[in-house]
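Student: Fold the following.
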Amino acid sequence: MDSQSQPFFVRGPSAGARLLFFVIIALTLMVVDARFDYLKRIRATLTTAVYPLQRLAQIPGQTLDRVNGFFVTQQKLQQDNLAIRQQLLEQSQQLQRLKAVEAEAATLRRILGAKEQVTGTSVLVELLHVDRNPFLRKIVVNKGVQDGVLAGQAVIDADGVVGQVTLSSPFSSEVTLITEKGQPMPVMVQRTGLRAVLFGSGRPNELELPFVPVNADIENGDVLVTSGIDGVYPVGLPVATVSNIERNAAYVFAKIICLPAAGVDRNKFYLVLYTPKAADTVTSKTSIPASGENNEATQVGVSKKP
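Tutor: Below is the predicted model:
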């Protein structure tokens, strides 16, 4: 049985009557509020009282949105940071390539300027590789006999003498640098005209000027140029600058160290100067008799058969 017994007689107004009553009250309040604005204070008071509850109800949603926004923003920042770093590296590589191209263009402009100053024919060559032997100061360039590059020809850059072609193949050539150990070159002091022979020391960016008397008129900073007496290098090309002089009365000759004027170990483009002496030597070794000449003993070392 139920704990509470149902009343025998139903008392009070019916549900329809109660609904009608509350509808009339609601309509009356609406009309009074619209016409006389009596409920404004009551509404403001209720709104103020309910506001903390509204804020409290919004806190969980706002907290969840902030947490999600934090992680999303953090991930987006990391992605943007990674993209910026990658873009920075790419731009850095492009900048380095641009600088390299600008340096090559500047070198070419200087060499072309030097080409205009040098009389005679010259060939522009490009560095292929450096000799792997650390004790040799030699380089290989990209042109050879087919381009008129022959053994014995002088090699220069925009600043001065680099070396001399010592081996020439059809499509490439080997250049011995002036810093090669024992590599001689006749020079003279530009200021006084004193003649001497400059030798490579075997060390990078260092040359030696031996057999110069202690009392010779030579000073630090003097420029050494080619004297032209060897017939290979034209007269007046810059070769080196005197950097250190040691004079000792106990010795006959002074110890003189010089710095190369040219970029013997840092340039990529060079000029090979046409030297008639070298060309005539190579031509005489490789000349072939004409077909109309006497065929007897036409080759060196081949005797005539009876």
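
Student: just how off-centre is the helix of greatest length in the chain within its chain?
Tutor: Secondary structure assigned by DSSP state H gives helix 40-117 as the longest helix of the chain. When C-alpha coordinates are averaged (CA atoms, centre = their mean, to the nearest Å), helix 40-117 and its chain have centres 29 Å apart.

Student: For the spatially closest residue to Gly202 that is not a sequence neighbour, report the pLDDT, please.
Tutor: Using CB to CB, 6 or more residues apart in numbering and skipping residues adjacent in sequence, the residue nearest Gly202 is Lys181, 3.3 Å away. All C-beta spots, glycine's among them, are computed from the backbone N, C-alpha and C. The model reports Lys181 with a pLDDT of 92.

Student: pretty sure Lys181 is touching Glu206, no?
Tutor: No: the criterion here is CB atoms under 8 Å, and Lys181 misses it with Glu206 at 10.8 Å.

Student: quick revisit: how about the residue nearest to Gly202, what does it touch?
Tutor: 135, 137, 200-202 (CB atoms under 8 Å, 6 or more residues apart in numbering).

Student: Try it again at 10 Å.
Tutor: Applying CB atoms under 10 Å, 6 or more residues apart in numbering to Lys181 gives the contacts 135-137, 199-203, 208.

Student: now swap in Thr166 and tell me
Tutor: Taking CB under 10 Å, 6+ apart as the contact definition, Thr166 lies against 138, 151-153, 173-176, 180, 183.

Student: what do you get for Glu180?
Tutor: 131, 135-138, 163-164, 166, 199-202, 264.

Student: Between these, which sits nearest Val31?
Tutor: Lowest distance from Val31 to those (CB to CB) belongs to Val264, with 107.0 Å.

Student: State whether Phe135 is indeed within a helix.
Tutor: No: under the criterion used here (DSSP: H, G, I helix; E, B strand; the rest coil), Phe135 is coil, not part of a helix.

Student: can you tell me which residues contact the closest residue to it other than its chain neighbours?
Tutor: Leaving out its chain neighbours, the residue that sits closest to Phe135 by CB to CB, 6+ apart is Gly202, at 6.9 Å. Residues near Gly202 by CB under 10 Å, 6+ apart: 135-137, 179-183, 208.

Student: What ranges does the stretch 151-300 of the chain have for its strands?
Tutor: For the stretch 151-300 of the chain, applying DSSP state E, counting those that start in this stretch gives strands covering 154-156, 161-168, 173-177, 184-189, 195-200, 207-208, 212-213, 223-226, 238-246, 253-260, 269-273.

Student: for the last one, packing partners?
Tutor: Using 3 or more CB pairs under 10 Å, 6 or more residues apart in numbering; DSSP states H and E as the contact definition, the elements that strand 269-273 packs against are helix 40-117, strand 122-130, strand 138-141, strand 154-156, strand 161-168, strand 173-177.
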